[in-house]
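Visitor: Predicted model follows, preceded by the sequence.
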Amino acid sequence: MTTILDDQLYSHSDRLAGKVVLITGGGAGIGRETALQCAKFRAKLVLGDINESTAQSVAAQIKDDGGEAIGLRCDVTSWEDQLNLFQTAFDAFGPADVVVANAGINETGDYTTPKVKDGKLEKPTMTTIDVNLMGTAYTTHLATHFLQLDRKQDNVLKSIVVLGSMASWKPAATGPMYSATKCGVLGMTRSLAYPLEQKNIRVAVVHPFFTDTALLDTTNRVLAAGLAFVPIERVGGTIILAATDRDMSTTGAAWVLPDGGPLLRLESEAIKGGVYDILTNRAMQFEA
């Protein structure tokens with residue numbers, strides 16, 4: 001585990017100059033903050049959001065400050081919407097260089113209270129799974145393709161950053177579906193680390209504790225009363241560092257913001273030896 005202070009978050013931010021950064025959920029909260037920070041380092045932004053007006057508002061702010069940006073409506077549960085987002089970025093600026101799978105929602109429905117109507121058990125609400133897990137899976141799949149289009153060098157910046165949560169590590173008692181999605185994106189990202197490293201694409205997953213954004217609903221605000229929230233600026237800076245770090249040995253790492261304190265980088269778990277080494281070696285042979 002490595003502790004990273006705030007003055008180290010932008011150590012490699014010069015790599016963003018002229019690069020194309022695509023962010024889902026880019027119209028508000030962490031997505032908006034990340035977009036504005038990337039724009040300061042002269043990145044070209046493509047922002048997708050379920051709320052088109054907020055995506056366009058952030059893009060307009062970036063352009064007013066002399067940058068380049070596009071804002072589009074994008075429902076991440078729609079393959080067609082996400083494909084359009086990536087294609088629009090390619091047509092406007094060229095192939096994406098950094099993709100941030102940020103779009104997400106809180107728990108929807110009440111999974112722990114089954115409902116019966118007219119004598120029949122109703123289907124539970126699975127919107128959280130659709131947005132947080134399926135939507136992220138669409139984003140990373142598209143990124144794997146578009147990051148490699150027209151690629152002329154292997155050593156240029158190419159990275160995918162996924163938004164996890166502290167619920168990836170410590171299940172949220174009030175959100176079983178939310179916890180499932182955030183555990184899922186952690187597992188997915190770490191599984192992608194080796195095959196994408198062979199394509200010279202970085203992957204990372206960022207895990208913030210509560211951040212003061214519109215996503216933090218009343219229930220969680222009550223639960224978190226008196227606790228130190230993570231500054232949203234630090235989350236944006238963490239995403240930038242996770243995307244731009246020049247050291248490929250940190251690909252697949254988890255970047256954890258457990259409270260109001262500094263960032264912690266957790267390298268891949270070292271469960272090795274025996275059957276685990278055998279499986280890893282076989283997987284490497286398949287990829288080769």
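Guide: The structure has been received and is ready for your questions. Residues are numbered from 1 along each chain as shown.
Visitor: wait, Lys44 sits on Leu22?
Guide: No. With contacts counted by CB atoms under 8 Å, Lys44 stays clear of Leu22, the gap being 9.5 Å. In this view, the C-beta of every residue, glycine as well, is placed from N, C-alpha and C.
Visitor: Between the two, which has more neighbouring residues?
Guide: Leu22 (32 against 24; other CB atoms under 10 Å).
Visitor: Using the three-state scheme, assign that one.
Guide: strand (DSSP: H, G, I helix; E, B strand; the rest coil).
Visitor: Would you mind confirming that it is in contact with Gln87?
Guide: No. If you go by CB under 8 Å, Leu22 and Gln87 don't touch, sitting 10.9 Å apart.
Visitor: Not including adjacent chain positions, what is the nearest residue to Cys74?
Guide: Gly48 (3.0 Å; CB to CB, 6 or more residues apart in numbering).
Visitor: can you pull the contacts of the one you found?
Guide: 22-26, 55, 71-74, 76, 81-82, 85, 103 (CB atoms under 8 Å, 6 or more residues apart in numbering).
Visitor: now it: how far from Arg265?
Guide: Between Gly48 and Arg265 the computed distance is 28 Å (CB to CB, to the nearest Å).
Visitor: Check Lys170 too.
Guide: For Lys170, the distance to Arg265 - CB to CB - is 18 Å.
Visitor: if you count what's nearby, which of these two comes out ahead?
Guide: Using other CB under 10 Å as the criterion, Lys170 and Arg265 rank with Arg265 on top: 18 against 13.
Visitor: my hunch is that that one is in a helix, does that hold up?
Guide: No. With three-state DSSP as the criterion, Arg265 is located in strand rather than a helix.
Visitor: Quick check: beta-bridge partners of it?
Guide: Thr2, Trp255 (DSSP bridges).
Visitor: Make sure it is actually in contact with Leu257.
Guide: No. Using CB under 8 Å, Arg265 makes no contact with Leu257, being 10.6 Å away.
Visitor: Name the SS class of the residue nearest to the spatial centre of the chain, please.
Guide: Centroid check for the chain by CA atoms, centre = their mean gives Val162 as the closest residue, at 2.4 Å. Under three-state DSSP, the three-state class of Val162 is strand.
Visitor: give the contact list for it.
Guide: So Val162 contacts 101, 136, 139-140, 185, 188-189, 203-206 (CB under 8 Å, 6+ apart).
Visitor: Ser159: what's it in contact with?
Guide: Counted by CB under 8 Å, 6+ apart, Ser159 has contacts 97-99, 201-204, 242-244.
Visitor: Longest helix in the protein, by number of residues?
Guide: Counting residues, the longest helix in the chain under DSSP state H turns out to be helix 176-197.
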